[in-house]
Structures are given as structure tokens and as C-alpha cells.
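**Q** coords below, sequence missing:
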Ligand SMILES: [Zn+2]
């Protein structure tokens with residue numbers, strides 16, 4: 001039982017990948033697309049199946065704008081089988097399988113139970129630059145956490161969030177997303193350092209890591225958590 005995931009691409013190329021989790025979240029996702037497009041940058045959107053079903057046009061706008069999309073589960077609660085359910089929702093609109101997958105809270109354990117995650121053409125993707133934008137209200141703090149991240153280098157994968165875990169539309173729309181304000185300076189700052197901003201489909205991912213239970217399953221659904229604990233007991 002082995003599961004490999006990637007945190008970065010080739011270090012000898014000046015490419016970085018901006019990734020956006022938890023959308024689509026219209027109209028915020030559209031603002032992200034506009035910022036990227038106006039600067040000649042591509043991004044990768046790790047979408048949730050439940051939001052793709054609720055906002056299919058917003059998902060289509062990501063695809064039509066030429067950005068890369070990946071599977072980030074259906075419910076976002078790390079249930080077993082969630083990636084497969086999400087893939088059905090995404091594939092229905094995309095018309096082809098996704099090639100990149102990111103697990104909720106980087107808990108890759110549930111991938112072991114997913115035919116979609118384990119399929120040969122699927123790459124499971126972590127990030128090496130994590131500005132924790134979801135926990136910051138000051139755009140400048142997000143800019144600094146990204147551009148001054150010690151790990152930032154050629155091949156870096158940067159994890160940002162264009163979505164909000166809010167079912168109620170009024171609350172979702174009222175909820176500020178300071179990442180949007182930070183994004184122009186992030187893109188410009190990366191380009192000023194000579195980085196090309198590419199989709200994950202333009203980056204050669206290297207140095208795959210073999211997944212081990214690493215404590216990141218704490219947020220998983222109870223049945224997944226119980227299975228992780230069972231696995232750690234077995235390997236000890
Ligand atoms: Zn997420």
C-alpha cells in the first residue's frame with residue numbers, strides 16, 4: 001500500500017504554480033481569474049464537487065479562461081469515497097478526467113480508498129508554500145507570507161484559497177476574502193523575481209514523497225480518522 005504525493009516541481013526551472021482551493025466561489029473566483037488573466041498568469045483551481053454542482057457556470061468560466069482545474073473532494077470533510085463523487089461532478093462539466101488532486105487539509109489518507117486518486121494519470125499535490133491566507137485578514141500579511149516564504153523557489157507550489165466553507169449565500173458573499181486584495185501584488189512580485197506563473201499541467205512535478213500517517217488526518221471525517229488510527233497501530 002503506497003501513496004505518493006508531490007510538493008513541488010523542477011527546481012532548475014523558474015516556474016511557480018499558484019493554486020486556489022475550495023471554490024468555485026462566484027464572483028470571487030471570477031475576480032481571481034481577472035487578476036491572473038490581466039497579468040498573463042495561469043493558475044490551478046482545486047474545486048469542491050458540491051460547489052461545482054451549485055455553481056456550474058462559475059466552474060465553466062475557470063475552464064474557458066484556460067486555467068487548470070483539480071479535484072479537491074466533494075464535501076471537503078475527508079470522507080472515504082469523496083474524491084470519486086467529486087470527480088463525477090467535475091468530469092460531467094469538464095468532459096475529461098482531472099489530473100491533479102488535493103486532499104482536504106492535505107490528509108491524503110482517504111486517497112488510499114479512491115479509484116480516482118489511485119488512477120495512473122492522477123497526481124496528488126501538496127504545496128511547499130503555505131501562506132495560510134484563510135487565517136489572515138490583512139492583505140499585506142498574505143503578500144509577505146507568500147513572497148518572503150523561505151521555501152519559495154523555482155518549482156514552488158503556492159496554496160491559496162478562493163473559496164469559503166459557507167453554505168448560506170448571504171454570509172458567503174459578505175465574508176471578506178483578503179487574498180483577492182493581495183493577489184495582484186503577489187503575481188507582480190513573483191514576476192518581478194523572474195518567475196513564470198504556470199498551471200500544474202505545465203510543471204514537471206518531481207521528488208514524490210511516500211505518504212505516511214503524519215497527523216494531518218485530525219480533521220478527517222470520523223470513519224476516515226478511525227481507519228487512519230487503525231493503520232498507524234498496524235505499522236507500529
Ligand atoms: Zn480545502
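**A** Cool, got the structure. For clarity, every value in this text was computed on a predicted model and none was experimentally measured.
**Q** the longest strand belonging to the chain vs the ion: in contact?
**A** When the chain is scanned for its longest strand (criterion: DSSP state E), the result is strand 15-21. Yes. For strand 15-21, a contact with the ion is found by CB under 5 Å from the ion, at residue 21. Any C-beta I mention is one placed from the backbone N, CA and C, and that applies to glycine too.
**Q** off-centre distance for that strand?
**A** 8 Å (CA atoms, centre = their mean, to the nearest Å).
**Q** can you list the neighbours in contact with that strand?
**A** By CB atoms under 8 Å, 6 or more residues apart in numbering, the surrounding residues in contact with strand 15-21 are 9, 29, 32, 36, 41, 43-46, 70, 72, 102, 125, 127, 152, 154-163, 186-187, 190, 195-200, 202-203.
**Q** generate a ChimeraX selection restricted to the buried subset of the residues you listed.
**A** If you want just the buried ones from the contacts of strand 15-21 in ChimeraX, going by 16 or more other CB atoms under 10 Å, the selection is:
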select :9,29,32,36,41,43,44,45,46,70,72,102,125,127,152,154,155,156,157,158,159,160,161,162,163,186,187,190,195,196,197,198,199,200,203
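**Q** contact residues of this protein facing the ion?
**A** 21-22.
**Q** counting neighbours, which bits of the helix-or-strand element of the chain with minimal mean pLDDT end up buried?
**A** Every helix and strand in the chain was compared by mean pLDDT, DSSP states H and E; the lowest is helix 222-235, with a mean of 74. Residues of helix 222-235 classed as buried: 224-225, 227-228, 231 (neighbour count, 16+ other CB under 10 Å).
**Q** any chance of the residues you listed in a markdown table, plus distance to residue 136?
**A** As requested, the buried residues of helix 222-235 are exported to a markdown table (distance: CB to CB, whole Å):
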| residue | distance to residue 136 |
| --- | --- |
| 224 | 28 |
| 225 | 28 |
| 227 | 33 |
| 228 | 29 |
| 231 | 34 |
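**Q** between the residues you listed, which sits nearest the ion?
**A** residue 224 (14.9 Å; CB to the ion).
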